[in-house]
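Colleague: Sharing a sequence plus its predicted fold:
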Amino acid sequence: MDFERLQAVLRALEAHGVRYAIVGAVALNVHGLARFTEDLDIFVEPEQGNIARLRAALASVFDDPEIEDITAADLLGPYPAIQYVPPEGAFHLDIVTRLGEAFAFEDLQTERVPFGDITITVVTPRMLYDMKKNTVRLKDRADAELLRLRFGFEEE
Amino acid sequence: MPVRKFRSVEEMSQPIWRQPGDPALYRTMAALWETGTRTSRRRYPPGVHKHRSVAEMHRVQESWAADRK
């Protein structure tokens, strides 16, 4: 993933007042463990105005009419997971409004963390551990184990 | 890059955690991602892709990745 593009997107989310929380591998990076990832995963508040702000934020970074197709009707309805791949560059964004029955935006434990010259919202290490530990993907379970060892979480 | 010395091979493979906000963390992320992007050469189809669940989204991404290997 393109680090400068990530910074630009996060800066835009902040500038447009998007209510979001970073989850996934970028959250692991932000909490202190640099590891390669191909995408930015964000949980966004499932609210019409927030999705409009998200579109505006992305449109300020990418000159791409496809962004208009990221809609509240989809994200609040039948498509709670949307992947956006810009026309160029090594960056893509996974946007999630709910994670099955297990996690909703209002359930997330988050914290504000410095990231260069901005401050961003990321799920806490404990929340990230809880999200990753029971998934089917091997890399998520490996991340969960790294978090458990680093932060001293009890194995259940 | 400075020389780093280890007391065992196991120690070499331990993950290096840094404090959030540490500029060294960002430098490492940027360098690692740049290298990873250059070597993986993956490129997913541009556009907006809609999925009924995160699991479905991951399955589709993995199939794209497999197609490009």
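Modeller: Okay, I see it. Numbers count the residues shown, from 1 in each chain, chains lettered A, B, ... in the order given.

Colleague: can you count the residues close to the nearest residue in space to A:Leu75 that is not next to it in sequence?
Modeller: In space, and not counting its chain neighbours, A:Leu75 is closest to A:Thr97: 4.7 Å by CB to CB, 6 or more residues apart in numbering or on different chains. (C-beta placed from N, C-alpha, C; glycine too.) Using other CB atoms under 10 Å in any protein chain shown, A:Thr97 has 23 neighbouring residues.

Colleague: One more: the one 3 residues further on?
Modeller: Here the number of neighbours of A:Gly100 (other CB under 10 Å) works out to 10.

Colleague: show me the contacts for it.
Modeller: If a contact means CB atoms under 8 Å, 6 or more residues apart in numbering or on different chains, then A:Gly100 has B:Ser53, B:Val54, B:Ala55 as its contacts.

Colleague: Which strand residues bridge the spatially most central residue of chain A?
Modeller: Nearest to the geometric centre of chain A sits A:Ile42, at 1.9 Å (CA atoms, centre = their mean). When assigned by DSSP bridges, A:Ile42 has beta-bridge partners A:Ile22, A:Ile95.

Colleague: what's near enough to touch it?
Modeller: A:Leu13, A:Tyr20, A:Ala21, A:Ile22, A:Val23, A:Leu93, A:Asp94, A:Ile95, A:Val96.

Colleague: please redo it, this time with the cut-off set to 6 Å
Modeller: Under the criterion of CB atoms under 6 Å, 6 or more residues apart in numbering or on different chains, the neighbours of A:Ile42 are A:Tyr20, A:Ile22, A:Ile95.
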